[in-house]
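K.L.:
next one to model:
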Amino acid sequence: MAASYVEHRPHASSEHAATSHYVVIVNEKETGGEFSTQEKAKTYACDNGHKPVHVARQRHLQNRKEPAHWRVDPC
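P.N.:
Take a look at the predicted model:
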């Protein structure tokens, strides 16, 4: 199964903007709906067979091409 990315939403222009929910990105598309925590989003991705699951570190910028931004969850 494809790799997945857990990201926060909404994307905001301010680094101080609050996170309202998390999403799972697979093949550049959101899947599975909205999750209230990173843990719930990660569990959804793991339970649905996505490997590896990349979870965003809690920072403002989200760049899937920047490896230091992500931690791989072992599921």
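K.L.:
from here on, contacts and neighbour counts on C-alpha atoms
P.N.:
Will do.
K.L.:
and the pLDDT at the residue nearest in space to the middle of the chain?
P.N.:
Note on the chain: the residue nearest the mean C-alpha position is residue 6, at 1.0 Å, using Cα atoms, centre = their mean. We have a pLDDT of 94 for residue 6.
K.L.:
now swap in residue 15 and tell me
P.N.:
With respect to pLDDT, residue 15 has a value of 67.
K.L.:
any buried residues in the helix or strand bottoming out on mean pLDDT in the chain, and which?
P.N.:
Least confident helix or strand, the chain: strand 70-73 with a mean of 81, by mean pLDDT, DSSP states H and E. Buried residues in strand 70-73, counted by 16 or more other Cα atoms under 10 Å: residue 70.
K.L.:
listing partners with orientation, what would you give for that strand?
P.N.:
strand 53-56 (antiparallel) (DSSP bridges).
K.L.:
helix/strand/coil for the residue nearest to the centre of the chain?
P.N.:
strand (DSSP: H, G, I helix; E, B strand; the rest coil).
K.L.:
isn't it right up against residue 25?
P.N.:
Yes: with contact defined as Cα atoms under 8 Å, residue 6 reaches residue 25; the gap is 6.4 Å.
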